[in-house]
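>>> this one's sequence-less:
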DNA sequence: TCCAGGTGTGTACCATCGTACGCACTAGTG
DNA sequence: CACTAGTGCGTACGATGGTACACACCTGGA
């Protein structure tokens, strides 16, 4: 039995979007009920109605990014058939068309920052990383996948710290090549790649 | 003409140390005059006396870490004579004896986080990174030094996100080897190293 | 039409915090 | 000893923000 009508069904998601906007612009620590309410153009009472606690709001907002972050650089990696494809995908995810914008890196950094102290967010991060590792699994051994993840995050972090300078493609590509090559010809993927060629 | 006596000369630096403690534990956003005052066991009035603005306090605290961070992994790198030495130093800085503790990584992460929005802190970061690049300069070309920095930060960041798991040494070492090897035998350093051997 | 219960909101309370400011204390100087 | 200027600190004010809560509104049923 459903009584009373929600007179603005999209309100909840609009609040989440506004929250992410605030996080992107001023960071998680700047998230307040009042600020987000003003940004989303909803009354303060709506905020506490949909999100009784502020932490719940932040958690929901961060969690809602998972579906955005994951496919962006996941898809190209899934399609990779040769080591060269993998390197291409990585370079692209670092500085190319599939790479996150500076504001998105900032957002991701906010999540990591928050996750360093909040176990629930840490779990979300863990899930994202596990996905990334699983995706690299058929391509390189886990230990190398870890290094690739570390380097990718390092590059993104570099971009964030140096917004004015741009990274040369070769600068990014060669270290990826070197690391991917560590998998060596014995890794199953390599044989498959050779069969294709 | 100096009148009035400072009845606790070490107070200023004690405040700075307490500030860093708070940052390490709860993050920069948790830094408040009152909290730090309680932690340092000084009256609130002392805080505003030594540090008229909160931002000034934070900036001073962060800046005071520069002298600590720099020599830690700088010294081993300076002493490196062969590519193998460099790799050793990097591995050590990542997971070994010269590597920062988890709380120190957290602190460094706080600085980066804050620096993403505060130009003055960004300048401090820039200086530290410039030092690191300069130190790697005689060893590898700049582009590779950038990759090394990115990977090092990526590993540290990984440790922060996975406090319970420990990184295998080979996992860390091999990617460093691969990247350092990119410098190739034409790089001046290599010749010097061969002469030594 | 009247009732009930869920939806949505305005308001107010209380805690926290940065900051200003006046006052006390100290130690040189005449 | 009195005076003065710098040092150090307790207190209070104004702003901000999370949260509780009473209240208005809407819908479906009796």
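Thanks, I have the structure now. Because the structure is predicted, anything quoted here is derived from the model rather than measured. Residues are numbered from 1 along each chain as shown, chains lettered A, B, ... in the order given.

>>> mean confidence for stretch A:119-132?
For stretch A:119-132, the mean pLDDT works out to 87.

>>> likewise stretch A:175-184?
Mean pLDDT, stretch A:175-184: 93.

>>> repeat that for stretch A:60-77.
80.

>>> which residues sit against it?
If you take Cβ atoms under 8 Å, 6 or more residues apart in numbering or on different chains as the criterion, stretch A:60-77 is touched by A:16, A:19-20, A:23, A:51, A:86, A:88-90, A:92-93, A:98-100, A:104, A:107-108, A:111, A:114, A:121, A:124, A:127-128, A:131-132, A:135-136, A:139. C-beta: built from backbone N, CA, C; applies to glycine.

>>> of these, grab the buried ones for PyMOL.
Here is the PyMOL selection string for the buried members of the contacts of stretch A:60-77, based on 16 or more other Cβ atoms under 10 Å in any protein chain shown:
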select buried, chain A and resi 16+19+20+23+51+86+88+89+90+92+93+98+99+100+104+107+108+111+114+121+124+128+132+135+136+139
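
>>> next step: the contacts of stretch A:60-77 restricted to helices.
Under the assignment DSSP state H, the contacts of stretch A:60-77 contribute A:16, A:19-20, A:23, A:86, A:88-90, A:92-93, A:104, A:107-108, A:111, A:114, A:121, A:124, A:127-128, A:131-132, A:135-136 to helices.

>>> pLDDT weak spots in chain A?
A:1-7, A:70-71, A:73, A:185-197 (pLDDT under 70).

>>> show me it divided up by domain.
Following automatic domain parsing, chain A resolves into domains at A:11-64, A:66-196.

>>> how far out from the middle of the chain is the longest one?
Centroid displacement of domain A:66-196 relative to its chain, using Cα atoms, centre = their mean, to the nearest Å, is 10 Å.

>>> that domain and DNA strand D, any residue contact?
No - applying Cβ under 7 Å from any atom of the strand, one finds domain A:66-196 out of contact with DNA strand D, separated by at least 14.1 Å.

>>> which is the next helix or strand following the lengthiest helix in chain A?
As assigned by DSSP H, the longest helix anywhere in chain A is helix A:142-161. Taking DSSP states H and E as the definition, the helix or strand that follows helix A:142-161 towards the C-terminus is helix A:169-181.

>>> so which elements touch the longest helix of chain A?
On a contact count with 3 or more Cβ pairs under 8 Å, 6 or more residues apart in numbering or on different chains; DSSP states H and E, helix A:142-161 meets helix A:83-95, helix A:102-115, helix A:119-136, helix A:169-181, helix B:102-115, helix B:119-136, helix B:142-161, helix B:169-181.

>>> go with 7 Å
helix A:83-95, helix A:102-115, helix A:119-136, helix A:169-181, helix B:142-161, helix B:169-181 (3 or more Cβ pairs under 7 Å, 6 or more residues apart in numbering or on different chains; DSSP states H and E).

>>> now do the buried residues in the fourth one.
Neighbour-count burial for helix A:169-181, with 16+ other Cβ under 10 Å as criterion, is recorded at A:171, A:172, A:173, A:174, A:175, A:176, A:177, A:178, A:179, A:180.

>>> give me the contacts around that helix.
A:83, A:86-87, A:90-91, A:94-95, A:140, A:144, A:147-148, A:151, A:155, B:143, B:146-147, B:175, B:178-179, B:181-182 (Cβ atoms under 7 Å, 6 or more residues apart in numbering or on different chains).

>>> centroid residue for chain A?
residue A:69 (3.8 Å; Cα atoms, centre = their mean).

>>> what about it, distance to residue B:139?
Separation of residue A:69 from residue B:139 (Cβ to Cβ, to the nearest Å) stands at 35 Å.

>>> could you do residue A:115 as well?
Look at residue A:115 and residue B:139: by Cβ to Cβ, they are 34 Å apart.

>>> buried set for stretch A:158-168?
For stretch A:158-168, the neighbour count (16+ other Cβ under 10 Å) marks A:158, A:159, A:160, A:161, A:167 as buried.

>>> ignore the last one, stretch A:20-30
So, applying 16+ other Cβ under 10 Å, buried residues of stretch A:20-30: A:20, A:21, A:22, A:23, A:24, A:27, A:28.

>>> stretch A:108-117 now?
For stretch A:108-117, by 16+ other Cβ under 10 Å, it's A:108, A:109, A:110, A:111, A:112, A:113, A:114, A:115, A:116.

>>> do stretch A:61-68 as well
A:61, A:62, A:63, A:65.

>>> shouldn't residue A:98 be in contact with residue A:88?
No - using Cβ atoms under 7 Å, residue A:98 makes no contact with residue A:88, being 10.3 Å away.

>>> the nearest residue to residue A:129 once chain neighbours are set aside: neighbour count?
Of all residues not flanking residue A:129 in the chain, residue A:149 sits nearest, at 6.6 Å (Cβ to Cβ, 6 or more residues apart in numbering or on different chains). Neighbouring residues of residue A:149 were enumerated by other Cβ atoms under 10 Å in any protein chain shown; the total is 18.
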